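Trainee: Predicted model and sequence below, questions to follow.
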Amino acid sequence: AQKVTQAQTEISVVEKEDVTLDCVYETRDTTYYLFWYKQPPSGELVFLIRRNSFDEQNEISGRYSWNFQKSTSSFNFTITASQVVDSAVYFCALSEPFRDDKIIFGKGTRLHILP
Amino acid sequence: DAGITQSPRHKVTETGTPVTLRCHQTENHRYMYWYRQDPGHGLRLIHYSYGVKDTDKGEVSDGYSVSRSKTEDFLLTLESATSSQTSVYFCAISVLPQELAGDDNEQFFGPGTRLTVL
């Protein structure tokens, strides 16, 4: 069955520190997508990244980077040199496009960046 | 921008009353979803649709029904609202991928509807 686990409920770091948000997933399919979303205090869901199961290359976008490892079923998200504006809830999610394309979310990690 | 709107954005209602939330998209995407977001639970799928008049249940579908009579609209109805349905409701769309290596199918979410059932 599909499942996404974000074991870290809440994390607090001081500004400029690096922080990694963990995501572990379960799926029966060989074809799937993994996502990260950001939900700032304003409440909207902001798409950050989508990664398909055939592409294990790590991704870097500015201060954000993602480490996809199929061997451990993990898709971790690292923020380098964190900033106060990074404070938000971050969701990891999974979809199986050749099954029903439902997006299954983890419960989220609330990240506090302290000035 | 996938052009997803939700209405109303906020609603307060009383227990036992019917409530309908509307999700509207402007780009003819096939798949549409309704989620609810509650503290400690993240986002949970209520119902989804894979085309006009084609819908299916998600993990928390009890007490909810949906309809999709047009591609652009996906309605979520609470037949008789209960206090446990107080939540923030998000609509989402996705595009069925034509090519796995493509980078064009992002999952888009509407702005959310905050529903309070008294």
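Mentor: On my side now, so go ahead.
Trainee: contacts, neighbours, all on C-alpha from now
Mentor: Will do.
Trainee: Let me know whether A:Val19 touches A:Asp86 as I believe.
Mentor: No. Assessed by Cα atoms under 8 Å, A:Val19 is found out of contact with A:Asp86, at 10.5 Å.
Trainee: In terms of neighbours, single out the busier of those two.
Mentor: A:Val19 (20 against 16; other Cα atoms under 10 Å in any protein chain shown).
Trainee: Chain B versus the more buried one, what's the distance?
Mentor: Per Cα to the nearest Cα, to the nearest Å, A:Val19 is found 21 Å from chain B.
Trainee: A:Phe47 now?
Mentor: Remark: distance between A:Phe47 and chain B (Cα to the nearest Cα) = 7 Å.
Trainee: What's opposite that residue in the beta bridge?
Mentor: Using DSSP bridges, the beta-bridge partners of A:Phe47 come out as A:Tyr37.
Trainee: and it, how many neighbours?
Mentor: Other residues lying near A:Phe47 total 16 when counted by other Cα under 10 Å.
Trainee: which parts of chain A sit against chain B?
Mentor: The interface of chain A toward chain B, taken as Cα under 8 Å from any Cα of the partner chain, is made up of A:43-47, A:50, A:52, A:91, A:97, A:101-108.
Trainee: Check what pLDDT the closest residue to chain B within chain A gets.
Mentor: Closest to chain B within chain A is A:Lys107: 4.0 Å, counting by Cα to the nearest Cα. At A:Lys107, the model reports a pLDDT of 93.
Trainee: nearest residue to it other than its sequence neighbours?
Mentor: If the residues on either side of it in the chain are set aside, A:Lys107 comes closest to B:Gly42, at 4.0 Å by Cα to Cα, 6 or more residues apart in numbering or on different chains.
Trainee: doesn't A:Thr109 make contact with that neighbour?
Mentor: No. If you go by Cα under 8 Å, B:Gly42 and A:Thr109 don't touch, sitting 9.3 Å apart.
Trainee: List the residues that are in contact with both of these two.
Mentor: Common contacts of B:Gly42 and A:Thr109 (Cα atoms under 8 Å, 6 or more residues apart in numbering or on different chains): A:Phe91.
Trainee: show me what contacts the closest residue to chain A within chain B?
Mentor: Chain A sits closest to B:Gly42 of chain B, with a gap of 4.0 Å, by Cα to the nearest Cα. By Cα under 8 Å, 6+ apart, the contact list for B:Gly42 reads A:Phe91, A:Phe105, A:Gly106, A:Lys107, A:Gly108.
Trainee: for the one helix or strand B:Phe74 maps to, packing partners?
Mentor: Assigned by DSSP states H and E, B:Phe74 falls within strand B:73-78. Applying 3 or more Cα pairs under 8 Å, 6 or more residues apart in numbering or on different chains; DSSP states H and E, we find strand B:73-78 packed against strand B:19-25, strand B:64-70.
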